[in-house]
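Undergrad: Make a model of this:
(chains A and B)
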Amino acid sequence: MVQDLFQNVIEVTLTTSVVIAALLLLLPLIHKNYTAKWQYWVWLVLAVRLLIPFSPSLPQTPIEITPPSQNIEFKVPVQNTVSSPLPNNAPVPQAAKDSTAAWTITLNGILFIVWVLGIAVFLLYHSVGYFLFKRSVLRFSRPVEGKRTTGLWCEVKEEMNVRQNIRLLSCRKVKSPMMTGFFKPILLLPDLGFSSSDLKIILKHELIHYKRRDIWYKLLLVCANAVHWFNPLIYFMVTMSNKDIEMVCDSEIIRDSDVAFRKQYSDTILSAIHKGNIRRMAFSTYFYGGKKTMKERFVNIFDMNKKRRGMVALCMVLAAVCTVGGLVACQQNGVGNTKLIDNISLLDSGNSYSFDGNRLTISYHKGKTTAEVELPIDISVTYAEEQTGAYISEEKTAVAYGGLDGQSPVKVMVSGDMGKTWNTYTVKGSDSIDDNFIGKRTGFISSNDGWLVLDGNAGAGTQNHYIYQTEDGGRTWTQIGNSNEVYAKMLTGASFASDNIGFLCFIRIDDSPAPTIYRTEDRGQTWEKLEISLPKEYQSGSGKYRADALSPVFNGANGVLPVIIYNTAGSELRQETEGRYSTLDFGKTWTYGTSSDGNATHGTTGETGSIVYENAQYGFRFSLLESWKGNTIVTGKWEGLATGDSQGEKVVETGPTISIRHPRWTSENLRQDIPIMVSTLAQWNSLQQGKFHIGAAPVDPSELGRNSKYVFALPARYNYAFPTGYEEVETILNSNSLQPTEDINPDNK
Amino acid sequence: MSKIIKRLPDSELEIMMIIWEANRTVTSAYVSEKLKDKREWKITSVLTFLARLVEKGFVTSTREGKVNIYSAVIGDQEYLENESKSFLEKLYSNSLTTFVSTLYKSNAINADDLAELRQFIDKATKGE
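TA: Numbering: from 1, shown residues only, chains lettered A, B, ... in the order given. Just a heads-up that it's a prediction; the model follows:
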């Protein structure tokens, strides 16, 4: 993931800033004791470190820095074009599509783009500046011709042992002697008439820059600055390093020389400045800080004190730079933190774990990769399996354990690299809960967002549960709401589909054959029991079958709920089958059955659900979603008005309407009904011929189906007010839910 | 003083630099002689460039016998200070590129600073 790169750069910037800030604080001390060269090397080490976009990872991190969260998601709802409010007679698509899709643009993504653009702008600025400078300067330059200068040049080169061909140019445009060029070095001399001794020193100075490859050093620092363009400390560091480059050069020239030479060298610089100033352009900008820098250089030049080269200190800085990254681990580490984990695919991934004593072996992809880890648990208390809860995916592996004695906290071991390295974190506050955590369940929605459900001591059929969530990959856990006040039985499964939406699946105790599942939409503040019924084939047999839900799994809004269906009849052998329900709406409604690819086939014929409304009076069946269980039927009348009669429209035809009403419909909280208009074949034909019309609508009702006597139709604009649940009704209607039968009650005419 | 002088193309600047360097009046023969090693320009090209410079007012020409004598109207310092800048150059104005090592940071030390630095050096060397 490229975005992880940015994450790592943030981490590098933060950790290196710690070292830079420490160095800046110690600067007076450093100046006193160490040579300029020492700093020169420190900047180099830091620049190299800044350009390496990863940090060494230590298993335990004593210090933690939390960079500002970049996990803000902008959800952009996109209305699906399929859902037109006026279904016509054309065949409707078989499979219903979910009406809203969500584009997720993460702040992280935006920041990444800004960062890359910043680098581009920064590098462009510097390269254009270099190009312009070279162009404008070179056209005023010509090779130095004077015998005296060329002679001196050869002499100095010889003395300095420089063999490479360096162009020595005289330039009217520059005021200070300078050295530039990456591959073809150029030494530019202003034509200021330097004395021979001055010239010699100047040439020497510039050749030292060349020999030290200072231009490459500068390039390296500019690159580090480009990558970290948003960090002001790096600009400071680059400024410091440029000064140190000159200081090092000064030190090289005056090395082992007496005060007289040092004075001569200083005089040369001063006279060059003086001469340059005479040529100073009237309008050229005066840069601030020149005097201060110059003074520091002179102090350095006249400093006869032997200073330490500071190899030990340099090594210490080096070590600090290397380890600070590991010690001060930032929270955002590892794989893409906003990417959802496809937990549905985990159902069939073949990931598993087993215990040998307290030794846990985790197997990924049916054993293609395995990892072993020893858990500090006491297996004499109870089996290891019973003490621990594990979650295994490629992105994240987590094992929760401990907290059995009611005193020690629960701990979570987390690995982001399939068990290669582990970090152990404490679930803070779990030790202050007065309960023993005999069961643990954990899972992750993304690499950062995870949940943990702790089971308390079971007694008299009740059991309390404590729910925690993490937003930082398992480092810190915070307790959220739980269902203990609403329903507190033993769990068979638990899961979260998002930060807010979670499920607790309880062991079936009451008489209902369907699994008992409670769902929250507000981080466990409130819980609502889900209406789920057994699949049709298990509904018969006079309540012989029961089902328990395991933990549902999600990938975004799509989810799969594995259930165990078993027979309860006493004499027969207990037989278990595993079945799966699926959802497209974060587990609000569940449909039995999944397609082969693991995604739900929602709303296709025959699978819409096991709830069917049958009307034997007119002869049709209507398949409903599970959530419509407990629906009511509201009957009414439609009236056909004669067409063409402008005043006092006459009612010429009437017929019944049958509305299927959602169980949660209340007069305060209206929900969309499913209205079915019943007409005789003759009525339908004359309506089609335009002999009468219904209501003010210029649009005719659309046919849903017909039998030998009746036509069943959907009134036009039935959902004009778009009440709650209208999308759901559309989905139901789009899935051929009405099936005409010939089961017509003879009592009816 | 702040009159902006139109930027000369490289070729014309090359000729101007020869005239400035000569620091006296020159003939076209002198210019082409100086150019001999650097550019392979024909004498006609040199004459064209000189004519253009005259037209632009950088140079005046007077006829002395058979030859034209050229002398600079605009001095090199004047040109350097007032040469017009392209948009990009203006953007970068006086900032120095990162990729040079300079003996000192030009335009950063004024006469007062210089005097102060002078004093500092004198003080530092007085004891010896």
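Undergrad: Not counting stretch B:111-128 itself, show me its contacts.
TA: Outside stretch B:111-128, the residues within contact range by CB atoms under 8 Å, 6 or more residues apart in numbering or on different chains are A:259-260, A:262-263, A:266-267, A:270, A:273-274, A:277, A:290-291, A:294-295, A:298, A:302, B:109. Placement of C-beta: from N, CA and C, glycine included.
Undergrad: Give the next helix or strand downstream of the helix or strand of chain B with the lowest mean pLDDT.
TA: Scoring the helices and strands of chain B by mean pLDDT, DSSP states H and E places helix B:87-92 at the bottom, with a mean of 72. Following helix B:87-92 in sequence order, the next helix or strand is strand B:100-102 (DSSP states H and E).
Undergrad: Which strands or helices does the least confident helix or strand of chain B pack on?
TA: helix A:107-138 (3 or more CB pairs under 8 Å, 6 or more residues apart in numbering or on different chains; DSSP states H and E).
Undergrad: Mind listing what's buried along the helix it packs on?
TA: Residues A:108-109, A:111-112, A:115, A:119, A:122-123, A:125-126, A:129-130, A:132-134, A:136-138 are the ones in helix A:107-138 that count as buried (16 or more other CB atoms under 10 Å in any protein chain shown).
Undergrad: can you narrow those to ones near chain B?
TA: Under the cut-off given by CB under 8 Å from any CB of the partner chain, chain B has A:126, A:129-130, A:132-134, A:136 from the buried residues of helix A:107-138 close to it.
Undergrad: which residues are contacting the least confident helix or strand of chain B?
TA: So helix B:87-92 is contacted by A:128-129, A:132-133, A:136 (CB under 8 Å, 6+ apart).
Undergrad: count of neighbours near the nearest residue to A:Ser446 once chain neighbours are set aside?
TA: The spatial neighbour of A:Ser446 that comes closest, neighbours along the chain excluded (CB to CB, 6 or more residues apart in numbering or on different chains), is A:Leu340 at 5.3 Å. Counted with other CB atoms under 10 Å in any protein chain shown, the neighbours of A:Leu340 add up to 17.
Undergrad: Helices along the stretch 601-749 of chain A, start to end?
TA: When secondary structure is read from DSSP state H, counting those that start in this stretch, the stretch 601-749 of chain A shows helices at A:681-688, A:726-733.
Undergrad: Which of the ones you listed sits closest to A:Gly193?
TA: helix A:726-733 (87.1 Å; CB to CB).
Undergrad: The closest one packs against which elements?
TA: strand A:674-680.
Undergrad: Against which helices or strands is the strand it packs on packed?
TA: Using 3+ CB pairs under 8 Å, 6+ apart: strand A:674-680 touches strand A:620-624, strand A:651-661, strand A:710-714, helix A:726-733.
Undergrad: what residue ranges in chain B are flagged as low confidence?
TA: B:1-3, B:93-97, B:127-128 (pLDDT under 70).
Undergrad: All the helices of it, in order from the start?
TA: B:10-22, B:28-35, B:43-56, B:76-82, B:87-92, B:111-126 (DSSP state H).
Undergrad: Any chance of JSON lines for the helices of the stretch 601-749 of chain A, columns mean neighbour count?
TA: Shown next, in JSON lines, are the helices of the stretch 601-749 of chain A (neighbours: other CB atoms under 10 Å in any protein chain shown):
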{"stretch": "helix A:681-688", "mean neighbour count": "16"}
{"stretch": "helix A:726-733", "mean neighbour count": "22"}
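Undergrad: okay, the least confident helix or strand of chain B in CSV with CA atoms only?
TA: Presented in CSV, the C-alpha positions along helix B:87-92 are these (Å, rounded to 0.1, in the frame of the first residue of the first chain):
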residue,chain,number,x,y,z
PHE,B,87,8.8,35.8,-15.1
LEU,B,88,10.5,32.8,-13.6
GLU,B,89,13.7,34.7,-12.9
LYS,B,90,11.6,37.4,-11.2
LEU,B,91,10.0,34.6,-9.1
TYR,B,92,13.3,33.5,-7.9
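Undergrad: mind listing the strands for the stretch 301-450 of chain A?
TA: Applying DSSP state E, counting those that start in this stretch to the stretch 301-450 of chain A gives strands spanning A:328-330, A:352-356, A:359-364, A:369-374, A:389-392, A:397-402, A:410-415, A:423-426, A:439-444, A:450-459.
Undergrad: Tell me what angle the third one forms with strand A:352-356.
TA: So the one you mean is strand A:359-364. 160 degrees (axes from the mean of the first three to the mean of the last three CA atoms, to 10 degrees).
Undergrad: So in that sheet, which strands flank strand A:359-364, and in what orientation?
TA: strand A:352-356 (antiparallel), strand A:369-374 (antiparallel) (DSSP bridges).
Undergrad: how about the strand or helix carrying A:Ile269 against chain B, any contact?
TA: Assessed by DSSP H and E, A:Ile269 sits inside helix A:259-278. Yes - counting by CB under 8 Å from any CB, chain B is contacted by helix A:259-278 at A:259-260, A:262-263, A:266-267, A:269-270, A:272-274, A:276-277.
Undergrad: Tell me the predicted confidence for A:Gly129.
TA: The model reports A:Gly129 with a pLDDT of 88.
Undergrad: Next one: it from A:Ile507, what distance?
TA: 72 Å (CB to CB, to the nearest Å).
Undergrad: any idea which of the strands of the stretch 301-450 of chain A scores lowest on pLDDT?
TA: strand A:328-330 (a mean of 49).
Undergrad: tell me the contacts of the spatially most central residue of chain B?
TA: Note on chain B: the residue nearest the mean C-alpha position is B:Asp76, at 4.1 Å, using CA atoms, centre = their mean. Contacts for B:Asp76 (CB under 8 Å, 6+ apart) come out as A:172, B:16-17, B:20.
Undergrad: quick one, phi psi at A:Val299?
TA: Phi and psi for A:Val299, reported as degrees, to the nearest 10, are phi -60, psi -40.
Undergrad: for A:Lys691, same thing?
TA: phi -70, psi -30.
Undergrad: Identify the residues contacting it.
TA: Contacts of A:Lys691 by CB under 8 Å, 6+ apart are A:642-643, A:652.
Undergrad: need the contact list for A:Met418.
TA: Residues near A:Met418 by CB under 8 Å, 6+ apart: A:364, A:369, A:371, A:394, A:397.
Undergrad: again but with A:Asp198, I slipped
TA: A:268, A:271-272.
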